[in-house]
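1. just coords:
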């Protein structure tokens, strides 16, 4: 029992982390509730293992702009900006299902990749990666990997 509590605390802390560098209008409208069953290309960014359950080809393009009132301790670049995103996904391949996305904003260019395979009809595994090249003088590549799983015990419960 003593070994269980540190893992539980770590799980609770990490479950609230926001690692998404891009949110489509669908994802933003759901307020973060779309991780279990993302629609179309959102699976590439939120949960790569779910691509196996989206048997379609899909292409997506998005342009985002935002502005707001600056806080006392913020710079103008914190309160307004834009992002351009394009992605494509193939969920119909027999071998495995995959997708790729590109996002550019004021701070960086990001390439997102993801692949998944349904192990059995109700269980899928996925892996993803993000490669970010920040704008500015320090041009060092930053990368991140993701491993995910999806289990669908009932058609209406994910």
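-> That came through, no problem. Keep in mind it's a predicted model, so treat the numbers as computed, not measured.
2. where do the helices sit along this structure?
-> 4-14, 25-30, 42-46, 76-79 (DSSP state H).
3. In space, not sequence, find me the middle residue of the chain.
-> What sits nearest the mean C-alpha location of the chain, by CA atoms, centre = their mean, is residue 45, with 2.0 Å.
4. any idea how far that one is from residue 154?
-> In this view, residue 45 and residue 154 are 26 Å apart by CB to CB, to the nearest Å. (Glycine included, C-beta is placed from N, CA and C.)
5. again with residue 56
-> 22 Å.
6. and what of residue 145?
-> From residue 145 to residue 154 the distance is 30 Å (CB to CB).
7. Same question for residue 53.
-> On the measure of CB to CB, residue 53 and residue 154 end up 13 Å apart.
8. where are the low-confidence patches of the protein?
-> 1-21, 32-37, 70-79, 137-138, 157-158 (pLDDT under 70).
9. any chance you could map the strands in it?
-> 57-67, 80-90, 97-105, 108-120, 123-134, 142-151 (DSSP state E).
10. Using TSV, lay out the ones you listed together with mean neighbour count and distance to residue 28.
-> As requested, the strands of the chain are exported to TSV (neighbours: other CB atoms under 10 Å; distance: least, CB to CB, whole Å):
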stretch	mean neighbour count	distance to residue 28
strand 57-67	13	9
strand 80-90	17	12
strand 97-105	20	14
strand 108-120	18	17
strand 123-134	18	19
strand 142-151	14	20
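11. Looking at those strands, which is nearest to residue 24?
-> Nearest of the strands of the chain to residue 24, taken as CB to CB: strand 57-67 at 5.9 Å.
12. so the residue nearest to the centre of the chain sits right up against residue 23, yeah?
-> Yes - Residue 45 is in contact with residue 23 according to CB atoms under 8 Å; the separation is 7.4 Å.
13. Which one of residue 56 and residue 154 is surrounded by more residues?
-> residue 56 (10 against 7; other CB atoms under 10 Å).
14. Who are the contact partners of that one?
-> Applying CB atoms under 8 Å, 6 or more residues apart in numbering to residue 56 gives the contacts 40, 91, 92.
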